[in-house]
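> model the structure of this input:
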Amino acid sequence: MTSSTVTSPRPDRPPRPNLAFRRLRGKRSPAEFAAAVRRAAREIGERVSCDARYIGRVEAGEIRCPNYAYERVFLHMFPGRTLTDLGFAPRSSVRGRRARADEEATGAHADRAPGTASETRRAREPYDTPDTQYPHHPYEPHHPHHPYDPHDDNEESDVLRRAFMMSGATVAAASLGPLALAHDAVAAGRPPRRAGAGHAGALEEAVRRIRLLDDRHGADGLYRRAAAPLRTAYALLDAGATRQATADRLYAGAGELAISVGWLAHDSGRFDDARSHYAEALATSRMTGDPALEAHAFCNMAFLARDAGRPREAVRAAQAAQRAARSLGSARLLSLLALREAGGWAGLADRVGCEQALTRAQALFGQGPSDADPEWMTFYGEAELEGLEAQCWSTLGDWPRAARHARRAAALQDPHFTRNLALYSAELADDLARGGRPDEAAGAGMRVLDLLSEVQSSRIHTMLAGTARVLLPHRRASGVSAFLDRHASLPRTA
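Numbering: from 1, shown residues only. This is a model prediction of the structure:
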């Protein structure tokens, strides 16, 4: 899709570079520093999607004050310093600034509907030259006639910070600044305005929030709400973008969002919906020649095929993903894809093929993380490696070996991410039950039941129901009766 040429207006007040933060980075590259930020986040149980582009935006002064998660991480990295010491503006000076600035601007956004909250119209640096370090240049000028193409700072906006936060099972799925405005237009049957950098940033943030909520709470309750921003994303693609760089970000973001929504469908048992979303993402990757998106789409298609009882398709999809990923330079990605292939071989009862793929996955994982690892792979650590291997051995009927790996996965999992902890514990309970250890299985099952108040995942409920059926003949074993009674009292999921 082509985009029109845009002339950059003269900025009224360029953002002031954050020299203090730049000094703290020292001799490390933005990518190296971003990796250090992600490591620091893991140390304190936070989850941030920091990359070189984010660091560039901070140093350019585009992010005047980080969100609360980044604040905790930065203060952990630099103990004894305040946000002001790190070159940021006080939070009190940032809140409410946008609306006031727009209200004072004469004639600004004259075509906005009455009562609609205004977006940021903050001027930006007049940098409009290619930068090989940042594939999507963070300093794109806004379109002078596009009222919904602000320099939108996702890390600073209270609206974006609160977007996709869960209250019970509800999600504000379309409240992401410019994306919300486009969503309203689509819902009203009006074509959305041409997309700008603010829409692309909001779309990227939507993907991050969905992943984070899934990690913590599971897919049930999220899927149908997440479908709305996906429809909006594709409507924006059809409307066109103000710049080619923005169009590239929109295509990548829409593809990743399709995969995230597909995963929510997958995890909540809607396999046909998941297959459709994954296919949409794959088509998007092929249209734009995006190997990273193609590898991700095939990765999830392999996982879905395994769960849907199509193991040969799982093997072929995983191998296609590996071909797409070879040029990306991420050993961890190739490790995960080898595990997807191993799951397919296990489904085919090919123990040799499964073991070969597992060996390859472990060797690649041992090469460690790198700056080339995709942002969406933050879930893939040692716990996930053990969990996926446990699933392979379970499929092959090697219950003791499966239980051993599932136990390691549960022990290694950061308790901050409740969904995976429940998943690994449910896998452990099932492996123990099928391996003839009903008392231990009941204990593991009870731990899963304790987590279900925070997790809504049809996958986990289905696994637990299977475990309960296996344990029924062992009701007299220690703890089994209590587990079965408590499981039977669970509200039935749709």
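
> any stretches of the protein with poor pLDDT?
1-14, 92-198, 211-228, 239-242, 492-494 (pLDDT under 70).

> one more time with 80
By pLDDT under 80, the weakly predicted segments of the chain are 1-15, 45-47, 91-248, 415-417, 454-457, 491-494.

> report the longest helix in it, please.
helix 244-267 (DSSP state H).

> now do the buried residues in that one.
Using 16 or more other C-beta atoms under 10 Å as the test for burial, helix 244-267 gives 245-267. For the C-beta atoms, the positions are set from N, CA and C on the backbone; glycine is no exception.

> and the closest residue to A422 other than its chain neighbours, what does it touch?
With C-beta to C-beta, 6 or more residues apart in numbering as the criterion, A422 has its nearest non-adjacent residue at 4.2 Å, and that residue is L451. Counting by C-beta atoms under 8 Å, 6 or more residues apart in numbering, L451 touches T418, L421, A422, S425.

> in strands only, show me the residues you listed.
Among these, no member falls in strands (DSSP state E).

> of those, which pair is most distant in space?
Comparing all pairs in the contacts of L451 by C-beta to C-beta, the longest separation belongs to T418 and S425, at 10.4 Å.

> now stretch 467-474: buried residues?
T467, A468, V470, L471, H474.

> quick one: which of the residues you listed sit in helices?
Short answer: the buried residues of stretch 467-474 in helices (DSSP H) are T467, A468, V470, L471.

> show residues contacting the helix or strand hosting E355.
E355 belongs to helix 351-365 when elements are defined using DSSP states H and E. Applying C-beta under 8 Å, 6+ apart, the external contacts of helix 351-365 come out as 315, 331-332, 334-336, 338-339, 341-342, 345-346, 382, 385, 389, 392, 396.

> could you point out which element follows that helix?
Using DSSP H and E, the first helix or strand after helix 351-365 is helix 382-395.

> now the angle from that next one to helix 351-365?
Angle, helix 382-395 to helix 351-365, by axes from the mean of the first three to the mean of the last three C-alpha atoms, to 10 degrees: 180 degrees.

> by contact count, what packs against the helix or strand following helix 382-395?
Per DSSP H and E, the first helix or strand lying C-terminal to helix 382-395 is helix 399-412. Helix 399-412 is packed against helix 382-395, helix 418-434, with contacts defined by 3 or more C-beta pairs under 8 Å, 6 or more residues apart in numbering; DSSP states H and E.

> all strands of this protein, in order?
Taking DSSP E, the strands of the chain run over residues 166-167, 170-171.

> Throw the ones in helices among the buried residues of stretch 467-474 into a markdown table and include distance to A441, thanks.
Formatted as a markdown table, these follow (distance: C-beta to C-beta, whole Å):
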| residue | distance to A441 |
| --- | --- |
| T467 | 6 |
| A468 | 10 |
| V470 | 8 |
| L471 | 6 |
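
> and the residues you listed, which two are furthest apart?
Greatest spacing in those, by C-beta to C-beta: A468 and V470 (7.4 Å).

> how about A325: what's its closest non-neighbour residue?
Leaving aside its chain neighbours, A325 sits nearest to A295 (4.0 Å; criterion: C-beta to C-beta, 6+ apart).

> correct me, but I44 touches R72?
Yes: counting by C-beta atoms under 8 Å, R72 is a contact partner of I44 at 6.4 Å.

> more neighbours, the two?
Remark: of I44 and R72, R72 carries more neighbours, 17 against 13, as counted by other C-beta atoms under 10 Å.

> so A297 touches R286, yeah?
No: under the criterion of C-beta under 8 Å, A297 makes no contact with R286, lying 9.2 Å away.

> okay, those two: which has more neighbours?
Under the criterion of other C-beta under 10 Å, the comparison of A297 against R286 puts A297 first, with 30 against 12.
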